[in-house]
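*Asks:* predicted model, plus sequence, below.
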Amino acid sequence: MLFLGTTSPPAIAADSISIQLAHHSPRETQTAQTLKQVLSKYDLSKYIFTREVAIEERAMNHAFPVLTLNARFADSPDELLSSFVHEQLHWYLRDHDSQQKAAIAELRQMYPNAPVGLPEGADTAYSTYAHLVDCYLEIQADREIIGAKRTDDVIKNKPWYTWIYKTILRDEDKIRGVVQEHALEIK
């Protein structure tokens with residue numbers, strides 16, 4: 001197990017992220033090192049909702065029960081950062097379940113024919129609508145952390161949730177309104 005401390009402001013400097021490698025492969029080790037660099041370079045404290053992270057080379061990224069990242073972005077700190085924040089945001093939204101459900105109900109009305117299944121949507125209709133919120137928050141966080149240009153580069157290269165990301169970018173003001181109405185913005 002590799003323990004990584006973040007270089008955040010002194011008030012949270014003692015906080016740490018625990019990173020476990022599933023197979024200890026070279027690619028997983030490299031991904032952990034890239035994540036360590038990301039955590040030490042940026043203050044991600046407002047986007048940390050779980051401190052347990054697993055790196056598993058052949059896994060799909062997922063948030064629960066342990067935030068798990070695959071090794072796809074070992075060579076791309078910006079894409080790894082975005083994936084890490086995306087999965088952290090699922091933890092945030094889980095803690096705001098009633099607000100998220102209300103936002104999803106509204107998004108179902110706005111987009112009654114949202115796709116289900118990769119690459120355009122998520123595994124279920126509910127998850128596709130939930131990802132409109134999660135991915136919107138991810139884009140906002142990425143812009144705050146790495147800037148608009150680098151965020152655009154990251155988002156345009158994502159091979160999954162293609163409809164979700166395109167819809168957010170096209171209808172950003174409308175989706176922002178839903179997120180704000182249901183008090184889901186990260187402060």
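*Replies:* Everything's here; your move. Being a predicted model, the structure only gives us computed values, none of them experimental. Numbers count the residues shown, from 1 in each chain.

*Asks:* any idea which helix or strand comes after the host helix or strand of residue 136?
*Replies:* Assigned by DSSP states H and E, residue 136 belongs to helix 125-146. Sequence order places helix 148-156 as the next helix or strand after helix 125-146, per DSSP H and E.

*Asks:* enumerate every residue touching residue 121.
*Replies:* Taking C-beta atoms under 8 Å, 6 or more residues apart in numbering, we find residue 121 in contact with 114-115, 127-128, 131, 161, 163-164. (C-beta placed from N, C-alpha, C; glycine too.)

*Asks:* low-confidence ranges in the protein?
*Replies:* For the chain, the stretches flagged by pLDDT under 70 are 1-15.

*Asks:* just the strands in it please.
*Replies:* Along the chain, the stretches classed as strands by DSSP state E are 2-5, 16-21, 52-55, 67-69.

*Asks:* so what secondary structure elements neighbour the helix holding residue 136?
*Replies:* In terms of contacts (3 or more C-beta pairs under 8 Å, 6 or more residues apart in numbering; DSSP states H and E), helix 125-146 is packed against helix 77-94, helix 97-110, helix 148-156, helix 162-170, helix 172-181.

*Asks:* export the ones you listed to JSON lines and tack on mean neighbour count?
*Replies:* As requested, the helices and strands packed on helix 125-146 are exported to JSON lines (neighbours: other C-beta atoms under 10 Å):
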{"stretch": "helix 77-94", "mean neighbour count": "22"}
{"stretch": "helix 97-110", "mean neighbour count": "16"}
{"stretch": "helix 148-156", "mean neighbour count": "15"}
{"stretch": "helix 162-170", "mean neighbour count": "18"}
{"stretch": "helix 172-181", "mean neighbour count": "15"}
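
*Asks:* what's the closest of the strands of the chain to residue 170?
*Replies:* strand 67-69 (27.8 Å; C-beta to C-beta).

*Asks:* and the contacts of that closest one?
*Replies:* Residues outside strand 67-69 that contact it (C-beta under 8 Å, 6+ apart) are 31, 35, 50, 52-56, 59, 61-62, 80, 83-84, 87-88, 91.

*Asks:* try it again at 7 Å.
*Replies:* 31, 50, 52-56, 59, 61-62, 83-84, 87-88 (C-beta atoms under 7 Å, 6 or more residues apart in numbering).

*Asks:* what subset of those is buried?
*Replies:* Applying 16 or more other C-beta atoms under 10 Å to the contacts of strand 67-69, the neighbour count classes 31, 50, 53-56, 61, 83-84, 87-88 as buried.

*Asks:* if we can go back for a sec, any buried residues in the helix holding residue 136, and which?
*Replies:* Neighbour-count burial for helix 125-146 flags 125, 128-142, 145-146 (criterion: 16+ other C-beta under 10 Å).

*Asks:* cool, thanks, talk later.
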